[in-house]
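> Next one to model:
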Amino acid sequence: MFSFMSLLFLAPRVLLSSTHVAVISPQDPVLQIGSSLTATCTLSPELGLHAGSLYWTLNGMVLSSSTYSVLSPDILSVTLHKLNGSQQQSGDNLVCHGASGRVLAGSCLYVGMPPEKSVNITCWSRNAKDLSCKWSPGGQGETHIRTTYTLKYKLRWYGKEMQCETYGTGKQRYSCYIPRNLALFTPYEIWLEAANQLGSTTSDIITLDILDVVTTDPPVNVQVSRIGNLDDQLTVRWASSKELKDILFQAKYQIRYRLEDSAEWKVVDDAGNQTSCRLAGLRPGMVYFVQVRCNPVGIYGSRKTGIWSDWSHPAAASTPSSQRLQSGSCDSKPSEQNSTLRRELKQFFGWVRKHAYGCSGMSIKLYDQWRVWLQKTDKTRNQVLQEDNS
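Residues are numbered from 1 along each chain as shown. A predicted model of the protein is given here:
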């Protein structure tokens with residue numbers, strides 16, 4: 001029994017001398033950006049190597065011999081000044097090599113900054129059933145070392161402190177999602193804690209009511225269609241999100257549209273609470289893409305406007321090609337009096353056309369009346385010209 005216990009106590013020393021051919025000190029240090037570091041590589045006497053034959057690498061790059069110092073036959077040091085932030089959050093690799101390139105020992109350097117107070121914490125609730133939050137890291141944002149963010153929340157006047165458990169990754173890593181068990185009529189206090197090996201910090205507390213930050217799914221079944229032969233108008237129809245039909249609210253809709261070959265969107269802000277809208281002042285014979293989004297207003301009596309949804313999937317339609325007689329296509333010309341009247345009407349209704357932009361019912365009716373009159377006038381004039389030519 002005694003010999004067995006003695007073997008157990010002696011075994012670690014035997015393993016140490018046989019497997020650890022060298023040791024780097026300090027091991028895995030954590031330093032702030034701009035710091036200096038002196039590390040040593042201590043050889044095992046059993047190797048029979050001299051420290052002067054060794055060399056150092058940092059992330060695979062050989063360090064200049066001018067940074068080395070032979071402290072003894074078994075110890076070689078290296079000094080690094082004004083360290084930059086770690087190139088990888090898992091740490092930079094500082095390695096001691098033998099003359100043949102053999103790796104004798106290694107250490108990880110964690111060079112970074114302590115986290116600063118996070119800012120711009122914004123939260124939203126989709127269909128009043130969950131809560132998502134995102135934030136911006138404080139300062140320059142990048143700490144260069146692994147930093148953990150913990151979103152915490154609690155009911156303002158009572159309730160225990162809780163923390164978010166589902167965090168984003170990649171580009172969404174500064175975000176968090178709380179999927180259930182939320183109170184709708186009591187404000188929440190929300191704050192963010194950030195910590196790494198160099199320090200920790202806590203953000204300011206924000207207070208919000210779930211009903212004040214509601215957003216919804218985009219409108220569905222968006223359809224765009226022509227209005228008879230009117231060559232500069234289209235009708236847009238859509239349906240509200242099914243998820244919000246059981247919630248007391250008034251929706252506010254917004255429409256945007258663009259030409260097929262254009263990246264510039266035009267926005268219609270006055271769609272109101274209706275689920276259809278007429279777009280006027282369009283170009284004849286062109287394809288238009290249209291999208292709609294929703295802002296739920298007054299959820300369960302909340303006095304604050306909601307948050308705009310994402311835009312719906314685009315729908316498309318084309319305006320009819322213009323059938324009116326083009327100028328210069330005929331020898332006959334209208335009288336000077338008719339030309340003046342037509343020019344004045346064109347200027348007046350050009351103003352109406354400009355102000356018919358959007359979903360204003362009164363101006364649309366007036367605009368339609370002018371369009372019908374103009375089409376009749378063109379048709380009559382074309383018949384007269386055809387009879388004269390014959």
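
> Pull the number of nearby residues for Ser90.
11 (other C-beta atoms under 10 Å). Yep, even glycine has a C-beta here, placed from its N, CA and C like the rest.

> In this structure it contacts Cys108, no?
Yes. With contact defined as C-beta atoms under 8 Å, Ser90 counts as touching Cys108 (7.3 Å).

> Run through the residues that contact Gln291.
Val222, Ile255, Arg256, Tyr257, Trp311, Ser312, His313, Pro314, Ala315 (C-beta atoms under 8 Å, 6 or more residues apart in numbering).

> one more time with 6 Å
Arg256, Trp311, Ser312, Pro314 (C-beta atoms under 6 Å, 6 or more residues apart in numbering).

> just Val287 next, same as before
Glu260, Ala316, Ser318.

> Dump those into JSON lines; add pLDDT and secondary structure as well.
Formatted as JSON lines, these follow (pLDDT from 0 to 100; DSSP: H, G, I helix; E, B strand; the rest coil):
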{"residue": "Glu260", "pLDDT": "91", "secondary structure": "coil"}
{"residue": "Ala316", "pLDDT": "94", "secondary structure": "strand"}
{"residue": "Ser318", "pLDDT": "93", "secondary structure": "strand"}
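
> Turn these into a markdown table, columns for neighbour count and distance to Asp28.
Formatted as a markdown table, these follow (neighbours: other C-beta atoms under 10 Å; distance: C-beta to C-beta, whole Å):
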| residue | neighbour count | distance to Asp28 |
| --- | --- | --- |
| Glu260 | 10 | 59 |
| Ala316 | 12 | 59 |
| Ser318 | 15 | 66 |
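
> Relative to Asp231, which of these is nearest.
Among the contacts of Val287, Ser318 lies closest to Asp231 (C-beta to C-beta), at 10.0 Å.

> How many neighbouring residues does Tyr68 have?
The tally of other residues near Tyr68 (other C-beta under 10 Å) stands at 18.

> Need the per-residue pLDDT for Tyr367.
With respect to pLDDT, Tyr367 has a value of 56.

> got any ranges where the stretch 251-390 of the chain has weak pLDDT?
For the stretch 251-390 of the chain, residues meeting the criterion pLDDT under 70 lie at 323-390.

> ranges for the helices of it?
Remark: helices assigned in the stretch 251-390 of the chain by DSSP state H, counting those that start in this stretch are 336-355, 361-389.

> picking up where we left off before, could you list which of the contacts of Gln291 belong to strands?
If you go by DSSP state E, those have Arg256 in strands.

> ok, and the most crowded of the contacts of Gln291?
If you count neighbours using other C-beta under 10 Å, the busiest of the contacts of Gln291 is Ser312, which has 20 neighbours.

> which residues does that one contact?
Going by C-beta under 6 Å, 6+ apart, Ser312 touches Pro218, Pro219, Val222, Gln291, Val292.

> any idea how far the second one is from Val297?
Distance, Pro219 to Val297, by C-beta to C-beta, to the nearest Å: 15 Å.

> Equivalent analysis for the fourth one, please.
Between Gln291 and Val297 the distance, using C-beta to C-beta, works out to 20 Å.

> what comes into contact with stretch 129-145?
Stretch 129-145 has contacts (C-beta under 6 Å, 6+ apart) with 85-86, 89, 110, 112-113, 115-125, 151, 174-179, 182, 192, 196.

> could you redo the last one with a cut-off of 7 Å?
33, 85-86, 89, 110-113, 115-125, 151, 174-180, 182, 190, 192, 196-197, 210 (C-beta atoms under 7 Å, 6 or more residues apart in numbering).

> Among those residues, name the buried ones.
For the contacts of stretch 129-145, a burial check counting by 16 or more other C-beta atoms under 10 Å picks out 33, 85-86, 110-113, 115-116, 118, 121, 123-125, 151, 174-178, 182, 190, 192, 196-197, 210.

> how does this structure divide up, domain by domain?
19-112, 119-213, 216-318, 336-389 (automatic domain parsing).

> ok, now which ones touch Ser107?
Listed by C-beta under 7 Å, 6+ apart, the contact set of Ser107 reads Ile24, Gln27, Asp28, Ala39, Leu94.
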